[in-house]
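In: Here you go, sequence then predicted model.
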Amino acid sequence: MPSVSCPARILAIAWIALAAVFLTSSAWAREEILDYKVDVTVNLDRSIDVVETIKVDVKGQEIRRGIFRDLTVKYVLEDGSPLNLDVSNISIQRNGRSEPFQTSYTGRYLRMKIGDKDRYLSHEPHTYRISYNVDDFVAFFDDVDEIYWNAIGTGWNFPIRKANVSVTIPQGGKILQSVVYTGTDGSEAQDGSVTEQSDTYINYRANRPLKIGEGMTVAVGWEKGLIAPPTKEELRMKALVKDSPLYGLALLALGNFAWFYRTWRKWGKDPRAGTIIPRFHPPKDISPALASYIHGVGSFVGSRQKAFMASLVSLSIKGFLRLDKTGSKLKVHSLDKIYSGELRRLPVGETSLMSSLFYDDVSSASPRKKEGRDQLIFSNLSYSVMSGAMGAFTRDIETITNQKYFNRNYGTAVPTIILIIIALIGFIGSTIAFNPYNAIGIGLAIAGVIAGGVIYGCWALWRSSKLAAIIVMAFVAIFAGLVFMIVAEEGGLTPSSLANFLVFGVFAGMALLVPFAFDVMKAPTEDGQKIIDQLNGLKLFMTVVIAEKVDAMDMPELTPDLYEELLPYAIALGVDKEWTQNFETLVFSQLPPEQHYDPDWYDGDYSDGHFSSSDIDNMNSALSSDLSESLTPPASSSSGSSGGGSSGGGGGGGGGGGW
């Protein structure tokens, strides 16, 4: 065996040493949070004081000048109403000394950007202390009062080696129940242990390090009576002052109406409609979803879900999908007999639907199906996936329609909106400053806003059901009469009470004007009006002409192929039930039993023995239910200390990183 020379040994050792240094500094070294401790103190005024102590190992990778902390402050409650956390008294230290920071709002988050842009941190552990107050955070339930706090959010960019969360309630109280949730967003794992507990204090420690994307949520409940819930007056004033833009200067608002009417006369009136004649085929290059959006002049006819359903049916009839309603859920099967060229030729709306739900990129030469998407049930999809798909679907339609088929003319309504906002701000300020206890005036302002919204709703309802609109308006009139009698009985018809009734009328008008402005200012272009006329002709054929068996010139033979060609458009335009019932009567019922209409694109229970309008109803109902379920954001108001929570639930949360 040949011997190795001394220089060769030295060179080999040097290479090994360099490799070890490289591996140690680059491959193994990483920035992480060494210790993350959160102390939450519950106050008698229903607020909480939060102190976050974060020890980070700085190596100059992501953390160069400092860190940022994103705190979730905007939520949507189970009933769909918004909730904004009121965060104040922010104070930040690093290594025991005050540290500069900036705050800004990014989407749902309050971002605290900590550090000096002109100063780099030394590469060693640094300890940050972030303290702040959250107002009015205690939740009041039937059996217990609690806080449900996402103490360590799932949005941190670093792993966390040690994590602790403590909660202290006021003296005299007793903690009755508590729970800790750990893991990724939505996880119900409870991988934490109580390390210390008394009647008014509890400390949880995570049983293991937290990976990137994992967090820690605590829910602590105590006996009722320790902290007083908000009074009705507090709730009322909070709703009036904080949550609702309800006030305005009446004269300024009234002056708006005349100006707005003049603007509408100039910009918002629709072009003259053409003569409507029956049409037997859809307009060229107009997809079902696009037809819905153009016919609604910038709004989907019926709803966006209805247009989405029309696109699903269109794709199924073309052979890309198959719909299955043999159970309680609507299943969508993605068929494999698809070529990239066919996908790229799909019309607007349908391309984004296939791309966002079934394929990674339908525009590529070799589109690849998403993993696990051979069969899809919409209610099983997460909120982020489904809302992203619906958003892409809408953007596709909006991009191709804006200015080509209609003008929104929103700019012409902006001065009106600005003046109304000025009125609102002025009335809020003057009421708080000079007459904060004008409960009748505030109540009538609220009633006026509600009445204006109801009137606008009746105007929209009038298009589909005149009787329903009349009934609702009758209830509004009765309600207004009762309010008038109550106010007159309580204080008499004084100048002050009459002024309050004027406020009612003005605010009803303002509430009506805002949505009305954005709705009626939209107007079709000449090209858009031509498409609308053609779609109206198509509706005329699918509803009146076929039902009354009118012999229209060039009317095609009524065949299953014609039914399938126009069914997606019938769904998009809201006449799918009439179209299907007409075909049931005139075509499907005339077929011999062995030839009954059994479409390849749909599997159903066929309660009528064959495909019928009830199957259309079942599809619509199932899809509406499934989409509503998947498009509902995660709830933020259920009790967490009783076990109904998860990691990432409750208030707080968010995450952070370095800069």
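Out: It's in.

In: got the residue ranges for the helices in the stretch 51-200 of the chain?
Out: Counting by DSSP state H, counting those that start in this stretch, the stretch 51-200 of the chain forms no helices at all.

In: where does the stretch 501-650 of the chain dip in pLDDT?
Out: Across the stretch 501-650 of the chain, the ranges flagged by pLDDT under 70 are 501-503, 507, 510, 514, 516-520, 549-553, 607-610, 633-650.

In: Would you map the strands across it?
Out: For the stretch 501-650 of the chain, the strands defined by DSSP state E, counting those that start in this stretch cover 523-524, 602-604.

In: Contacts for the longest one next, please.
Out: Meaning strand 602-604. 316, 322-326, 611, 615, 618-619 (CB atoms under 8 Å, 6 or more residues apart in numbering). In this view, the C-beta of every residue, glycine as well, is placed from N, C-alpha and C.

In: Now do the SS call for P415.
Out: helix (DSSP: H, G, I helix; E, B strand; the rest coil).

In: what about it, how many residues close to it?
Out: Residues near P415, counting by other CB atoms under 10 Å, number 13.

In: same check, this time on F101
Out: 21.

In: Roughly how far does it sit from I470?
Out: 58 Å (CB to CB, to the nearest Å).

In: same check, this time on S384
Out: S384 is 42 Å from I470, by CB to CB.

In: just V40 next, same as before
Out: Distance from V40 to I470, by CB to CB: 54 Å.

In: more crowded one of these two?
Out: V40 (22 against 12).

In: got a list of what the nearest residue to that one once chain neighbours are set aside touches?
Out: With sequence-adjacent residues excluded and distances taken as CB to CB, 6 or more residues apart in numbering, V40 is closest to V167, at 4.8 Å. Taking CB under 8 Å, 6+ apart, we find V167 in contact with 40-42, 147, 149, 175, 178, 201-202, 218, 220.

In: hmm, 7 Å instead?
Out: If a contact means CB atoms under 7 Å, 6 or more residues apart in numbering, then V167 has 40, 42, 147, 202, 218, 220 as its contacts.

In: Tell me what it is bridged to.
Out: V40, I202 (DSSP bridges).

In: if we can go back for a sec, could I get the strands of the stretch 501-650 of the chain as TSV with mean neighbour count and distance to L566?
Out: As requested, the strands of the stretch 501-650 of the chain are arranged in TSV below (neighbours: other CB atoms under 10 Å; distance: least, CB to CB, whole Å):
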stretch	mean neighbour count	distance to L566
strand 523-524	20	22
strand 602-604	18	16
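
In: got those strands as JSON lines, with distance to K55 columns?
Out: Shown next, in JSON lines, are the strands of the stretch 501-650 of the chain (distance: least, CB to CB, whole Å):
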{"stretch": "strand 523-524", "distance to K55": "61"}
{"stretch": "strand 602-604", "distance to K55": "58"}
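
In: for these, which one sits closest to K404?
Out: strand 523-524 (10.3 Å; CB to CB).

In: Mind giving me the packing neighbours of the closest one?
Out: Packing partners of strand 523-524 (3 or more CB pairs under 7 Å, 6 or more residues apart in numbering; DSSP states H and E): strand 406-407.

In: In ChimeraX, select just the buried ones from the contacts of strand 602-604.
Out: Applying 16 or more other CB atoms under 10 Å to the contacts of strand 602-604, the buried members can be selected in ChimeraX as follows:
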select :316,322,323,324,325,611,615,618,619
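
In: and G172, how many neighbours?
Out: G172 - counted by other CB under 10 Å - has 11 other residues nearby.

In: Not counting residues beside it along the chain, what's closest to it?
Out: Excluding its sequence neighbours, the residue lying closest to G172 (CB to CB, 6+ apart) is L226, at 6.4 Å.

In: Phi first, then psi, for that neighbour.
Out: Dihedral pair for L226: phi -70, psi -40, per degrees, to the nearest 10.

In: and the gap between it and Y128?
Out: L226 is 32 Å from Y128, by CB to CB.

In: More neighbours: the two, which one.
Out: Between L226 and Y128, Y128 has the larger neighbour count (other CB under 10 Å), namely 24 against 17.

In: quick one: that one and I54 touch, right?
Out: Yes. With contact defined as CB atoms under 7 Å, Y128 reaches I54; the gap is 4.6 Å.

In: So T217: helix, strand or coil?
Out: Assignment for T217 (three-state DSSP): strand.

In: Double-check it against Y181; I have them as touching.
Out: Yes. Assessed by CB under 7 Å, T217 is found in contact with Y181 at 4.4 Å.

In: Have a look at those two and say which one is more surrounded.
Out: Higher neighbour count among T217 and Y181: T217, with 31 against 27, using other CB under 10 Å.

In: and the more buried one, what pLDDT?
Out: Here the pLDDT value assigned to T217 is 92.

In: what do you get for the one 4 residues further on?
Out: As summarised for this prediction, G221 has a pLDDT of 94.

In: and if you look at the one 5 residues further on?
Out: Per-residue confidence (pLDDT) for L226: 93.

In: list the contacts for the residue nearest to G172?
Out: Neighbours of L226 in contact, by CB under 7 Å, 6+ apart: 145, 169-170, 172-173.

In: Generate a ChimeraX selection restricted to the buried entries among these.
Out: The command below creates a ChimeraX selection of those among the contacts of L226 that count as buried (16+ other CB under 10 Å):
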select :145,169,173
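
In: Could you check how far L176 is from W222?
Out: 6 Å.

In: Counting neighbours, go ahead and name the busier of these two.
Out: When neighbours are counted by other CB under 10 Å, W222 comes out ahead of the other of L176 and W222, with 25 against 17.

In: wouldn't that one be in contact with F141 here?
Out: No. W222 lies out of contact with F141 (CB under 7 Å); the separation is 11.1 Å.

In: quick revisit: just the closest of the contacts of L226 to P524, please.
Out: D145 (55.7 Å).

In: can you tell me which residues contact the closest one?
Out: 138-139, 221-222, 224, 226-227.

In: switch the cut-off to 8 Å
Out: So, once contact is read as CB under 8 Å, 6+ apart, D145 ends up touching 138-139, 221-224, 226-227, 229.

In: next one: V73
Out: The contact partners of V73, by CB under 8 Å, 6+ apart, come to 84-85, 87, 105, 108-110.

In: still on that earlier bit, for W149, see how far away the residue nearest to V40 is.
Out: For V167, the distance to W149 - CB to CB - is 8 Å.

In: tell me the domain boundaries of the chain?
Out: The chain breaks down by the TED database into domains covering 32-232, 244-268+410-521, 288-408+525-631.

In: would you turn those domains into a markdown table with distance to R279?
Out: A markdown table is the format used below for the domains of the chain (distance: least, CB to CB, whole Å):
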| stretch | distance to R279 |
| --- | --- |
| domain 32-232 | 40 |
| domain 244-268+410-521 | 22 |
| domain 288-408+525-631 | 4 |
